[in-house]
Structure formats: C-alpha cells, structure tokens
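S.K.: only geometry, no sequence info:
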C-alpha cells in the first residue's frame, strides 16, 4: 500500500486560524456516524510538518503562506493518534527547535491523540524574524538591536527593519530619534507580544512568533496596525495520585481545563494542592518547586500539572520537657515539628496509651496517681495522617500525702524484758517516734524507720516501770513537712 504524506508549510505571515467545531460524518443510510475533531498544526519559522495518518475528511493539500487560514486545521475521528514530523532544510541554515507539547520536546516526531474538539500543536523552527514597523512621520529615525541578529532574507511586507534570531531570544530595541519626537512603542491589546516598557526609547521583546512584530510611533501619527497572529487552544492536564486545582485567565481546573489564547499571550498558571497532596511539577516547563508557572501560549499549548499524595511524615517533636507537677497532673511541652506541607497536630501518649491530642506544643495530663512514674511520649501528624516518630520522657507526679495507721499493738517478753510491739502501716517511707506515757510522764521512748507498707516497731520498757495501764503515743515525720500524730492507744503492761 502506498504511504501518503501530508505537508504543512510554515506560514510566514501568521494569519488567524479559525476554530472548527466537532462535526459528524454521515456514512450513508443505515451506517453509524463518527465524531470528527480538529487538529490545528501551526509551524512557526522556516519548516514544514507532515502528518500520518491522513485526515478522515477532505483532500490533503499543503498549508502554505498566503493560502486559506483553515488549511492547517485537519479533521480526524475522535481518539485518533496522529504522528507529526518536523521537516527542515538544514542546508539553508534552518533547524527544528521543538514542539508546543512539552512531552514531545525537541524530537523530530510528536504523536498526539486528538480526543478533544480542538487540539493545537505548534512546531517551532529557527530562525524567527523580529520585524519593526516605524510610523510614517518618523523623521528618519532608526532602530538598533541588542543583540544584533542578521538581516532577514525576506522581510515581511510592512517591516522597516527585520532581524533573525533563535526562538526565545530577548532583544532590546532602541529608537535612535530623527527629526520627529518618539511617542512610544505599540501598545495595542490585540498584540500578544509587546516591547516593554512602551514609553521609553529602549524596550525589550522576546522573539517567539514568525514574525514577531514591534511598532514605534512618532509625532502625531496614530497607533500602528500591526499584523495579527493565530489563536491556539491551550490544554491543562492533571496527573498523579494527589489532587489540587490550577487557575489562570480563562482556566479553573477544577472544571475548566482548556481555553483559547492568542499566540504569544503570557499565561500564568497557579497550582493549589488540596490538603494531603503535594504539587509535583509542570512536566519541565517550569521548576518543580514553583507553584506558579508563566509562559507564552503558542510555544506552549499543553502542560501537565502533577499532584501527588503526601507520604512524608513530619519530623519528630523536640524532646518533651516536664513543667508543673502535682499529685494528679503533669504538664509537658516540646519544640514544634516540621513538615513538607503542614503539621496539623500532636498526639500525647501515657504508658503507650493515647492520652489526648492538641494543636499546641504543650499538654497537661490529668487524673494521674500520686507518687507514680509515667512514660510520656508525643508524636506529630500532618493533614493526611502521616505520623512522626515519638519523642519520649519519663515523668513522676508529686508524692502522695502521708497516710498511716496503727495496724496493731501488743505486749510481749524477750528474755526478762517487756516489749511493746507496734505495727504501723504507711503509704510512704518515713520515721516514727513511740512514747509510752502514764499521765503526762514518758516512761519509755524510741525512734524507728518506717517503710512503705507495714513495719513492726519494738519499744523496750525498762524494768523499773511497774505494771499497769499506760497510753501509747505514735508520731510520724511527714516528708512534705510537719508531723502526723496517730490516735493514741491504751497498753496494759504486765509486772516486771
């Protein structure tokens, strides 16, 4: 089978291309219909583009300078993958620069899938022309170029001066004034490329179109009517396992992810990732770290904005510091964690069990037991639930208040000695003093250490103390200050 080739020549004048709507091709009675969509191919500069397969509707014919504006708009069945090939004559000093589809880059071939009503693809070749038009009453003014490019071989019709440059070159134009005063550079809103600032003799312009136009006005001349250029369909795609929104003039994607721009119109996209997502780049058009991306429409007709699910946990909080302690509470604080998106809060653990959550960097644990040592930990969490490692500290509540009682009092003998045996039950280690009294007179006394729990204290009674009824007084030292006196008990001493 003979392989057909369809060539589109670069349009040097840059006429406006109109948009074709989705059409339906009737195949005859009883047959189904196929939706047709439009592929707009726009070479800019000295080169051609071929396409395979051939379009579904219409006879293939070249799109050349001076032909009808629709000649570069081809119709295919929706969903067709079309291979575009850039064709250039290197012997003439020309070269292919790249496609407006960033994922095709500078490869001579670019395959696009025409799924939408209109798909625009621009092929950029080098060199491009920068043409300057001076108004009639210019008084012999001239224009200098910095950098100075070579003169154009075939300047466009109304250009007073024309230079050639690689695409994307920024050129400073300076008016060298003649006998008529300079009024300014062209500032028509229909011109998507402007030399700025417009009110000084020197301005700067980027060479992107074929040709790129600048106009200088002098004296009382009206603003110049520079040639218009094509419009292209710009498409934003979102990718990745995250989510977010991208906005620009005419775009809120979201819902509206495509719009038409004049060739060369500066476009600024702004990415807004949703909670739990990160922005992951503009497929090479702008830096991955930039949430805004500014570029000219036309040299770029498609961008993919990637959003990814946040899988990075925050850093661990700083080591917790123990603040105010009571018998039933512990106050802790810590240095804040950091996160690639945002730390949404902290979780506090008590003996490895969840004790509470907070957005602050401090927390008070309450309802604790007195005199007890606890293991306390804190971790951080981000908006997607990624949780950091824990920061740990051991903390102890203040000791309990001293509590004690007499668990028993008895009298025995060891050898020939009478011994008063006193069982003291206490919740804290302390010391105790025992006194055996008759009336107000102390007949025996002793000091003893008391441990937590039950301690037996043995008070030896001198042989000189006669038998009979006595009273036992027990006093404990309070570790928090002061003393604790237990209720007195009666003791009946046997005779020596």
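M.R.: Right, received. Where do you want to start? If you're wondering where the values come from, they're calculated on a predicted model, not measured in any experiment. Numbering: from 1, shown residues only.

S.K.: list the contacts for residue 169?
M.R.: 147, 149, 206-207 (CB atoms under 8 Å, 6 or more residues apart in numbering). All C-beta atoms are positioned from the backbone trio N, CA, C, and that covers glycine.

S.K.: And the pLDDT for it?
M.R.: For residue 169, the model assigns a pLDDT of 97.

S.K.: Then residue 34?
M.R.: For residue 34, pLDDT reads 64.

S.K.: returning to that earlier point: which among the contacts of residue 169 gets closest to residue 248?
M.R.: For the contacts of residue 169, the minimum distance to residue 248 (CB to CB) is 18.9 Å, reached by residue 206.

S.K.: neighbour-wise, which of the contacts of residue 169 leads?
M.R.: residue 207 (23 neighbours; other CB atoms under 10 Å).

S.K.: For stretch 127-146, buried residues please.
M.R.: For stretch 127-146, the neighbour count (16 or more other CB atoms under 10 Å) marks 127-135, 137-138, 141, 143, 145 as buried.

S.K.: again with stretch 109-120
M.R.: So stretch 109-120, judged by 16+ other CB under 10 Å, has buried residues 110, 112, 114, 116-120.

S.K.: Next, work out how far apart the residue nearest to residue 284 when sequence neighbours are not counted and residue 112 are.
M.R.: Distances taken as CB to CB, 6 or more residues apart in numbering put residue 102 closest to residue 284, at 5.5 Å, once the chain neighbours are dropped. To residue 112, residue 102 is 12 Å away according to CB to CB, to the nearest Å.

S.K.: Check residue 373 too.
M.R.: Distance from residue 373 to residue 112, by CB to CB: 69 Å.

S.K.: Where does the prediction get shaky in the protein?
M.R.: 1-34, 57-71, 189-190 (pLDDT under 70).

S.K.: thinking again about what came up before, doesn't residue 281 make contact with the residue nearest to residue 284?
M.R.: No - counting by CB atoms under 8 Å, residue 102 does not reach residue 281; the two are 10.9 Å apart.

S.K.: list the contacts for residue 377?
M.R.: Per CB under 8 Å, 6+ apart, neighbours of residue 377: 320, 348-349, 352, 390-393.

S.K.: ok so, going back, which among the contacts of residue 169 gets closest to residue 470?
M.R.: Looking across the contacts of residue 169 and measuring by CB to CB, the closest to residue 470 is residue 206, at 111.4 Å.

S.K.: can you pull out the strands in the stretch 101-250 of the chain?
M.R.: 109-114, 118-126, 128-134, 142-146, 161-165, 170-176, 182-185, 202-206, 212-218, 231-239, 244-248 (DSSP state E, counting those that start in this stretch).

S.K.: Reformat those strands as TSV; add distance to residue 450.
M.R.: Compiled in TSV, those are given as follows (distance: least, CB to CB, whole Å):
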stretch	distance to residue 450
strand 109-114	89
strand 118-126	92
strand 128-134	99
strand 142-146	97
strand 161-165	98
strand 170-176	90
strand 182-185	99
strand 202-206	91
strand 212-218	98
strand 231-239	74
strand 244-248	69
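
S.K.: Residue 490: which of those is closest?
M.R.: Using CB to CB, the nearest of the strands of the stretch 101-250 of the chain to residue 490 is strand 244-248, at 85.0 Å.

S.K.: What angle do strand 231-239 and that closest one make with each other?
M.R.: Strand 244-248 and strand 231-239 are oriented at 160 degrees to each other (axes from the mean of the first three to the mean of the last three CA atoms, to 10 degrees).

S.K.: distance between stretch 76-96 and the chain's centre?
M.R.: 37 Å (CA atoms, centre = their mean, to the nearest Å).

S.K.: hang on, I meant stretch 103-117
M.R.: 29 Å.

S.K.: Likewise for stretch 431-438?
M.R.: With CA atoms, centre = their mean, you get 75 Å for stretch 431-438.

S.K.: you'd agree residue 416 is up against residue 460?
M.R.: No - between residue 416 and residue 460 there is no contact under CB under 8 Å: 11.1 Å.

S.K.: The two: which is more packed in?
M.R.: Between residue 416 and residue 460, counted using other CB under 10 Å, the more crowded position is residue 460 (12 against 7).

S.K.: Please identify which helix or strand holds the more buried one.
M.R.: Assigned by DSSP states H and E, residue 460 belongs to strand 453-461.

S.K.: Check residue 444 too.
M.R.: Per DSSP H and E: strand 441-450 holds residue 444.

S.K.: How is this structure partitioned into domains?
M.R.: Listed by automatic domain parsing, the domain ranges of the chain are 6-126, 128-218, 231-309, 321-396, 404-493.

S.K.: Which of those sits closest to residue 315?
M.R.: domain 321-396 (4.9 Å).

S.K.: Between residue 102 and residue 281, which is the more surrounded one?
M.R.: residue 281 (21 against 17).
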